[in-house]
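Colleague: fold the following for me, if possible:
(one chain, ligands or ions: 2)
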Amino acid sequence: MKILVIGAGGREHAIIRKLKENPDVTAVYALPGNGGIAQDAVCVPGGDVDAAVHFAVKHGMDFVVVSPDGPLCAGMTDALEAAGVPAFGPSKAAAALEGSKIFAKELMRKYDIPTAAWAAFDDPDEARAYLRRAAPPCVIKADGPALGKGSRVCHTMEEALDAVAACMERRVFGESGARIVIEECLTGPEVSVLTFTDGETIAPMISAMDHKRALDNDEGPNTGGMGAVAPILFYTPDRQAECMERIFQPTVRAMRMEGRPFKGCLYFGLMLTPQGPKVIEYNARFGDPEAQTILPLMQNDLLTVMRAVRDGRLADAPPRFRPMHSCCVVLASGGYPGPVQTGFPIHGLNADGQISLPGATIFHAGVKQERGHYVTAGGRVLSVVYTSETLAGAIDGAYQAAYEISFEEMQVRRDIGQAARRAWEDTEARPILQQPEVRPCP
Ligand code: AMP
Ligand code: GLY
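Modeller: Ligands and ions are numbered 1, 2, ... in the order given. Predicted coordinates:
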């Protein structure tokens, strides 16, 4: 089988390496891929919907994985399917769950899915008037996509007024900030739960915890994600059951009822508040770096599961995970998530773009090859992943691997996994690493 994966990040590299475990896969292409992905796939230039459809048809792709939110929201899955190419990923109508925060909030209100209290605005004066009645702390979110930077937690009125002006008047996120959501500020630990759903059935993957802030101790600006661990032990079987009944099944059902059945990877960003789990955000795709963290623990074949999702028979091919732990440490360019300098040689990688430590895998993101050498080419450069029988072993292994690699101005968080480790050490109970269950969503 010939497979095409759309995207250029560490997440796509992790998907590609997992897909290649299937012996029926004879060729993998990445559009556009990157200098490290080139070790595992043929990289094809381009990125828009037309380029992907043209390539897939011309070169006879048997299956396409549409991974990033941009192409999903632009309708790439619909266009591929219309051209007769089977594709994994939600339709444009279903990807609105990520593409518009207001759409997602209205859906949750209509179907009684727990989330932070909110109000939406298209007029900055009305937003300011509302803030005078509902004082900060609050969270101000651009309605449309903003590369993960569109949400700001505001502790003071001054910050909130600035966030309103930045979105709606200075348009720092372009048209994405023409409308905003103002949300109540929730507290509690955050968990990412990625799921497969074919629109009728849902199968969660193991839970994960991202580290979104740039600096240690959750300081500094929000980033795309600086590292992750999985699974999360305070996301206990009881909590999973509660999320399944109150959030996961109702969301899949709601999308079907709205005539937008969701088929693909549906990502639930959850906050475990004292009042129970609530939705912080939906994504219509795998998380990055959650995918790099979780997929190495997947036991069965990813392509089989993805094809089952696309064909509406997920119940026959549920995902399975090894009862182990995984830690991912992101190596970023200095200054990320702000402007970064690139073109620095990356030291410590072998010719395959890997290192020789058994158990460690390197996924490439902002990387290109110049005269046979890997050099930095973006904000997040590499994801270093290590799997182990224990959480401590996974964290230690990931850092041991990370420190074999270096480049000028490399930026790394030193505390990935420490919050999860403390939670683990604080609990008496030792929940078994449960296999997530598959459920119909009638
Ligand atoms: P989002 O862009 O919606 O994923 O939000 C980015 C980050 O902002 C989340 O991972 C949370 O840490 C934080 N956040 C978003 N919404 C809320 C909320 N209602 N209460 C507290 N923190 C939030
Ligand atoms: N890691 C968060 C995201 O992919 O949106």
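
Colleague: list the contacts of the residue of the stretch 201-350 of the chain found nearest ligand 1.
Modeller: The stretch 201-350 of the chain approaches ligand 1 most closely through residue 281 (3.7 Å), counting by C-beta to the nearest ligand atom. (C-beta placed from N, C-alpha, C; glycine too.) Neighbouring residues of residue 281 by C-beta atoms under 8 Å, 6 or more residues apart in numbering: 98, 101, 104, 151, 269.

Colleague: one more time with 10 Å, if that's ok
Modeller: The neighbours of residue 281, taking C-beta atoms under 10 Å, 6 or more residues apart in numbering as the test, are 97-98, 101, 104, 115, 141, 148, 151, 192, 267-271.

Colleague: can you dump the C-alpha atoms of the strand or helix carrying residue 160 in CSV for me?
Modeller: Residue 160 is part of helix 157-164 when elements are defined by DSSP states H and E. Written as CSV, here are the backbone C-alpha positions of helix 157-164 (Å, rounded to 0.1, in the frame of the first residue of the first chain):
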residue,chain,number,x,y,z
MET,A,157,-8.7,44.0,34.3
GLU,A,158,-5.8,45.6,32.5
GLU,A,159,-4.6,42.3,31.0
ALA,A,160,-8.2,41.4,30.0
LEU,A,161,-8.7,44.8,28.3
ASP,A,162,-5.4,44.4,26.5
ALA,A,163,-6.4,40.9,25.3
VAL,A,164,-9.7,42.2,23.9
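
Colleague: report the next helix or strand after that helix in sequence order.
Modeller: The first helix or strand that comes after helix 157-164 along the chain, using DSSP H and E, is strand 180-184.

Colleague: about what we covered before: contacts for the helix holding residue 160 next, please.
Modeller: So helix 157-164 is contacted by 121, 124-128, 130-132, 134-142, 151-154, 156, 170, 172, 177, 180, 182 (C-beta under 10 Å, 6+ apart).

Colleague: okay, the angle between it and strand 180-184?
Modeller: For helix 157-164 against strand 180-184, the angle by axes from the mean of the first three to the mean of the last three C-alpha atoms, to 10 degrees is 150 degrees.

Colleague: related to what we said a few turns ago, quick check on the contacts of helix 157-164: which are buried?
Modeller: With burial judged by 16 or more other C-beta atoms under 10 Å, the buried subset of those is 121, 127-128, 131, 136, 138-142, 151-154, 172, 177, 180, 182.

Colleague: can you give me the pLDDT of residue 430?
Modeller: We have a pLDDT of 54 for residue 430.

Colleague: mark which of the contacts of helix 157-164 are part of helices, please.
Modeller: Among the contacts of helix 157-164, the ones falling in helices (DSSP state H) are 124-128, 130-132.

Colleague: if we can go back for a sec, near ligand 2, from the buried ones among the contacts of helix 157-164?
Modeller: Among those, none lies close to ligand 2 by the criterion of C-beta under 6 Å from any ligand atom.

Colleague: in contact with whichever residue of the stretch 1-150 of the chain sits closest to ligand 1, which residues?
Modeller: Closest residue of the stretch 1-150 of the chain to ligand 1, C-beta to the nearest ligand atom: residue 116 (3.7 Å). Going by C-beta under 10 Å, 6+ apart, residue 116 touches 105, 108, 138-139, 181-186, 271, 273, 278-280.

Colleague: between these, which is closest to ligand 2?
Modeller: Nearest to ligand 2 among the contacts of residue 116, counting by C-beta to the nearest ligand atom, is residue 280 at 10.6 Å.

Colleague: residue contacts, residue 37?
Modeller: Contacts of residue 37 (C-beta under 10 Å, 6+ apart): 5, 7-10, 12-13, 16-17, 28, 30, 43, 353, 363-365, 367.

Colleague: JSON lines for the contacts of residue 281, including secondary structure?
Modeller: Compiled in JSON lines, the contacts of residue 281 are given as follows (DSSP: H, G, I helix; E, B strand; the rest coil):
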{"residue": "97", "secondary structure": "helix"}
{"residue": "98", "secondary structure": "helix"}
{"residue": "101", "secondary structure": "helix"}
{"residue": "104", "secondary structure": "helix"}
{"residue": "115", "secondary structure": "strand"}
{"residue": "141", "secondary structure": "strand"}
{"residue": "148", "secondary structure": "coil"}
{"residue": "151", "secondary structure": "strand"}
{"residue": "192", "secondary structure": "strand"}
{"residue": "267", "secondary structure": "strand"}
{"residue": "268", "secondary structure": "strand"}
{"residue": "269", "secondary structure": "strand"}
{"residue": "270", "secondary structure": "strand"}
{"residue": "271", "secondary structure": "strand"}
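
Colleague: quick check: the farthest pair among those?
Modeller: Using C-beta to C-beta, the contacts of residue 281 span at most 18.6 Å, a distance reached by 115 and 148.

Colleague: got the residues of this protein near ligand 1?
Modeller: Counting by C-beta under 6 Å from any ligand atom, the residues of the chain lying close to ligand 1 are 116, 139, 141, 150-151, 153, 183, 185-186, 190, 212, 222, 269, 280-281.

Colleague: ok, 8 Å please
Modeller: Residues of the chain lying near ligand 1 by C-beta under 8 Å from any ligand atom: 101, 115-116, 139, 141, 146, 148-153, 183-187, 190, 210, 212, 222, 269, 271, 278, 280-281.

Colleague: mind giving me the PyMOL select for those, buried ones only?
Modeller: Applied in PyMOL, the following selects the buried portion of the residues of the chain next to ligand 1 according to 16+ other C-beta under 10 Å:
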select buried, resi 101+115+116+139+141+146+148+150+151+152+153+183+186+190+210+212+269+271+278+280+281
